[in-house]
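**Q** just a sequence and a predicted model for now, questions to come.
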Amino acid sequence: MGKAAMAALAALVWGIGLAVQAAPLRLPAGKEPVAQGGSVTAVAQGALIRYRGWLLAIDGAVPEERPDIVLTSADARHAPLLQIGAMQRTLPLWSAFELVKGSARLRITALPGLEALPALLLDFGESDYRIVIPAAPIERQAYPLLAQRFPGADLALLLQDGRRVMLPLGSGSAQVFGAEQAVPYRFAKVNKR
């Protein structure tokens, strides 16, 4: 085999490898109807997120049913961790992982946070709703910076006094919800222009 043929074969193998990495992971969808919109429920230092058939358990939150995805925020020693069933994957800074369940898409991206630890950005659907999850606590006076740092994010799941609370972004208000824990914050698709 000549050098040109070897180079062409190497390019083909490399392209297939990139395509496999970029292909979203498909999860089985249930047969029951899927509710529109979603909810976030703060549970201790974590949260449960439901959206169009998805169930995500964040930072140690334990749902009554088996979650589709378990996410663990970064700490000083470890990158964020994504778990789907027995599969575990770290999410280094600037990495993204895309999943599909039925007709609902979810992209999870590790981005630089306001502090030294990465934040996770959950992008549901075709940018239907975006939730940012900073790993480090953020001072109240820095709340307005979240919308600037994570443009397009609709909600922030923040650590405040050792528990997760929710801050809607883009409203101009710094009103947090979830301090009462176990009360869901409901959201729907946001039309972005």
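**A** Perfect, thanks for sending it.
**Q** going by C-alpha atoms from here, please, whenever you check contacts or count neighbours.
**A** Fine.
**Q** doesn't residue 147 lie inside a strand?
**A** No. Secondary structure assignment (DSSP: H, G, I helix; E, B strand; the rest coil) places residue 147 in helix, not in a strand.
**Q** and the nearest residue to it once chain neighbours are set aside, how many neighbours?
**A** Residue nearest to residue 147 in three dimensions, not counting chain neighbours: residue 169, with 5.9 Å by CA to CA, 6 or more residues apart in numbering. For residue 169, the neighbour count with other CA atoms under 10 Å is 25.
**Q** quick one: contacts for the residue nearest to the spatial centre of the chain?
**A** The residue lying closest to the centre of the chain (CA atoms, centre = their mean) is residue 122, at 2.7 Å. Neighbour list for residue 122: 106-109, 130-132 [criterion: CA atoms under 8 Å, 6 or more residues apart in numbering].
**Q** so the residue nearest to residue 147 touches residue 149, yeah?
**A** No. Applying CA atoms under 8 Å, one finds residue 169 not in contact with residue 149, separated by 11.1 Å.
**Q** over to residue 60: give its phi and psi.
**A** phi 90, psi 0 (degrees, to the nearest 10).
**Q** and it, how far from residue 164?
**A** As judged by CA to CA, to the nearest Å, residue 60 and residue 164 stand 11 Å apart.
**Q** just the element for residue 144, please.
**A** helix 143-149 (DSSP states H and E).
**Q** can I get that helix as CSV, trimmed to CA atoms?
**A** Taking C-alpha atoms only, helix 143-149 is exported to CSV below (Å, rounded to 0.1, in the frame of the first residue of the first chain):
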residue,chain,number,x,y,z
TYR,A,143,-25.3,36.5,41.5
PRO,A,144,-25.7,39.1,38.7
LEU,A,145,-22.4,37.9,37.2
LEU,A,146,-23.9,34.4,36.5
ALA,A,147,-26.1,35.6,33.6
GLN,A,148,-23.0,37.3,32.1
ARG,A,149,-20.7,34.4,32.7
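**Q** okay, now the sheet partners of the helix or strand following that helix, with direction.
**A** Next along the chain after helix 143-149, taking DSSP H and E as the criterion, comes strand 155-160. Here strand 155-160 has these sheet partners by DSSP bridges: strand 129-134 (parallel), strand 163-168 (antiparallel).
**Q** dump the ones you listed to a markdown table, plus distance to residue 91 and mean neighbour count.
**A** Listed next are those as a markdown table, based on distance: least, CA to CA, whole Å; neighbours: other CA atoms under 10 Å:
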| stretch | distance to residue 91 | mean neighbour count |
| --- | --- | --- |
| strand 129-134 | 13 | 24 |
| strand 163-168 | 21 | 23 |
